[in-house]
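1. here is the input, now give the coordinates:
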Amino acid sequence: MNGEMISIYRKKGNPDLVMKAYQDTLHLWKVPVQSAYVTTSFGLVHVLVAGPEYAEPLVLLHGFGFSSTMWLENIDALSSRYRVYAIDFPGDINKSGSIRPIKNKTDCVTWFTEILDGLDIDKVHVCGHSYGGFITMVLATRLSARIRKVIILSPGAGIQPQNKGFFIRCLLAGMMPTTQRIQNLMDNMTGEGNVINQTLKDQFTIAMQNALPRTKLFVSYIKDNELQQITAPTLLLIGDQDIQYDVEQAMERARRVIHNIEATVIPRAGHGLPLEKPEIVNTYMLDFLGR
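-> Below you'll find the model as predicted:
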């Protein structure tokens, strides 16, 4: 692999603090986990691997500004039945190293194909949350030959544009990453009465204060003719208190445009759906994948 690594760190950012925060959250995982690295034309990609070696493969794609450690509330249930590959998206704040950014949907498909080939996987289930949900939709529209089933959790845009208020909150947190501002952002994303693991919240805070995602493929509205290319069975879950967009409008459009979809609104849940309601999400996922 040739090329200079793109730094994600701010001018006075401390990589050691970021990596320690990553490990602190990973230590909370309740299952044995291995680290693997896959060489791609976009950089060296870090993958957390758990579950029976010969079980069906399931790829997990994390949210923006996070890392694969975010699946701490889901990994126990999912890895009990599947060989789970939680991928650190290159250019985000994690253990992957980027030598050139994924700039568009075509790059994204090329990158993911290289990941599957590097892991010696033919076809895979794919699940993504937030930004990872958007990436999952992109892959499902363009790489149907390699995907068995699709799970989309609180996708970033894709089905509906994100509202300006949500975008501005995220932008301000990135520009002025005080602890209070970042924690408030996470609290605003969280459904009323729900609690996100504090170690994970601390990881996100430390990550954003010391680094900044350098991803170039941003979430966006995906047109009807693209979404109609999704052929794999699809599960869509969105919390009823998700602040990104009108949830009912998102559900109505998804059911109308995406073939072979099961779309459900989860009560009393916000944007951090798999962390806020892990038992419910895990049950839906395992039931869907097991059919």
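
2. who touches residue 155 in this structure?
-> 128, 130, 133-134, 136-137, 219, 236, 238 (Cβ atoms under 8 Å, 6 or more residues apart in numbering). From N, CA and C alone the C-beta is placed, and that goes for glycine too.

3. farthest-separated two in these?
-> 219 and 236 (15.4 Å; Cβ to Cβ).

4. if we can go back for a sec, dump the contacts of residue 155 into a markdown table; add neighbour count, pLDDT and secondary structure as well.
-> Below are those laid out as a markdown table (neighbours: other Cβ atoms under 10 Å; pLDDT from 0 to 100; DSSP: H, G, I helix; E, B strand; the rest coil):
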| residue | neighbour count | pLDDT | secondary structure |
| --- | --- | --- | --- |
| 128 | 29 | 98 | strand |
| 130 | 28 | 97 | coil |
| 133 | 29 | 98 | helix |
| 134 | 26 | 98 | helix |
| 136 | 27 | 98 | helix |
| 137 | 29 | 98 | helix |
| 219 | 22 | 95 | coil |
| 236 | 24 | 98 | strand |
| 238 | 28 | 98 | strand |
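
5. now tell me which helix or strand of this structure has the poorest mean pLDDT.
-> helix 164-175 (a mean of 87; mean pLDDT, DSSP states H and E).

6. elements contacting it?
-> Counting contacts by 3 or more Cβ pairs under 8 Å, 6 or more residues apart in numbering; DSSP states H and E, helix 164-175 is packed against helix 179-189.

7. can you give me the pLDDT of the residue most central in space within the chain?
-> Compute the mean C-alpha point of the chain, and by Cα atoms, centre = their mean the closest residue is residue 62, 2.1 Å away. The score at residue 62 is 98. That number is its pLDDT.

8. list the contacts for it?
-> 68, 70-71, 86-89, 92, 94, 128-132.

9. for stretch 190-209, measure first residue to last.
-> 20 Å (Cα to Cα, to the nearest Å).

10. residues of that stretch that come out buried?
-> 190-191, 194, 196-197, 200-209 (16 or more other Cβ atoms under 10 Å).

11. from those residues, which two are the most distant?
-> 191 and 209 (25.2 Å).

12. what's the neighbour count on the closest residue in space to residue 46 that isn't next to it in sequence?
-> The shortest distance from residue 46 to any non-neighbouring residue, by Cβ to Cβ, 6 or more residues apart in numbering, is to residue 95 (3.8 Å). Neighbourhood size, residue 95 [other Cβ atoms under 10 Å]: 21.

13. what residues are up against residue 95?
-> 19, 22, 35, 46, 67, 88.

14. kindly report the same for residue 92.
-> Applying Cβ under 8 Å, 6+ apart, the residues near residue 92 are 8, 62, 64-67, 213-215.

15. please apply the same query to residue 83.
-> Contacts of residue 83 (Cβ under 8 Å, 6+ apart): 49-58.

16. which ones are touching residue 74?
-> 60, 274, 278, 281-282, 285.

17. how about 10 Å then?
-> 60, 84, 86, 127, 129, 153, 274-275, 278-279, 281-282, 285 (Cβ atoms under 10 Å, 6 or more residues apart in numbering).
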